[in-house]
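>>> Attaching a predicted model along with its sequence, questions to come.
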Amino acid sequence: MKTMIFIDHMNFYLAAQAYYHKEHSKALPTFDYARLIQEIHKQLPFDSELIKTQIFFPLSEAPLDSIEPYKGANNWLSTLKTKPYLDIIEGRNQIRKLEGFDIKNSSTYTVDEKGTDINIATQMLTKAFHNSYDCAILVSGDSDYVPVIEVLRTIGKITVVACLKGQVLNKRLADAKDSII
C-alpha cells in the first residue's frame, strides 16, 4: 500500500491553535512537521509506505510579506521547502483593502486565503488517477473536500481524515471518509 498525506496547513494550524489554547491555555508551540507526518502515518491500521506529503500553504504577497506574522510564515515556509519527500503547494494570502488602508493597522484590511482548496482537490485527484497512492490522508476538517473524497472512494482509493483530538468535523466530511485518525 502506498500512502500520501495532504495537509491543509491553515485549517490544521487554526485547529491546533484552538486545541492547544483550550488544553494548555498557552500559545501554540512550533511543530516539527517531519515528526508530525510520521506520527500521522503511524496511526494507520495497516502497513503502508509513505510516498510523499504535500503541505498546502498560502504565501503572503506584498505588502503583507513585510509585516508579522506573514513575514515570519514566509520565512518558515522557505525552511520547510528543503525537507525530503515533502512538497509545498503554494496558494496565496490576498489583501483586501478597506477604507483608510494602512498596512500597519489590521482593522483597515482583511486577508483572504486563495487557492488552497482547489490546489488540494487538484493534487489529490491527479495523484489518484496517476495511481501514485492507494491511501490518501487528508489533514483538514473542511467539508469542501467531501466531493473529492467521494470521487476517490469511487475509484477504489482509501480515504482517511486526520484531525486533532476534540476537533469538530463537519458531519458530511465525517460520513464521507473510510476512517478518521
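Received it, and whenever you're ready, just let me know what you need.
>>> Which parts of this structure are helices?
Applying DSSP state H to the chain gives helices spanning 9-24, 33-42, 70-80, 116-129, 146-154, 171-176.
>>> Could you export the ones you listed as a markdown table, including mean pLDDT and mean neighbour count?
(Each C-beta comes from the backbone N, C-alpha and C, glycine too.) Shown next, in a markdown table, are those (pLDDT from 0 to 100; neighbours: other Cβ atoms under 10 Å):
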| stretch | mean pLDDT | mean neighbour count |
| --- | --- | --- |
| helix 9-24 | 82 | 16 |
| helix 33-42 | 92 | 15 |
| helix 70-80 | 81 | 14 |
| helix 116-129 | 97 | 18 |
| helix 146-154 | 95 | 17 |
| helix 171-176 | 76 | 14 |
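>>> so which of those helices comes closest to I89?
For I89, the closest of the helices of the chain is helix 116-129, at 5.0 Å, according to Cβ to Cβ.
>>> Redo the helices of the chain as TSV? Include distance to S140.
TSV is the format used below for the helices of the chain (distance: least, Cβ to Cβ, whole Å):
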stretch	distance to S140
helix 9-24	4
helix 33-42	12
helix 70-80	18
helix 116-129	7
helix 146-154	11
helix 171-176	8
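>>> of all the ones you listed, which lies closest to S107?
So among those, helix 70-80 is nearest, using Cβ to Cβ, at 16.1 Å.
>>> Tell me what angle that closest one forms with helix 33-42.
Counting by axes from the mean of the first three to the mean of the last three Cα atoms, to 10 degrees, helix 70-80 lies at 70 degrees to helix 33-42.
>>> Which strands or helices does helix 70-80 pack on?
Contacts defined by 3 or more Cβ pairs under 8 Å, 6 or more residues apart in numbering; DSSP states H and E place helix 70-80 against strand 49-60, strand 86-97.
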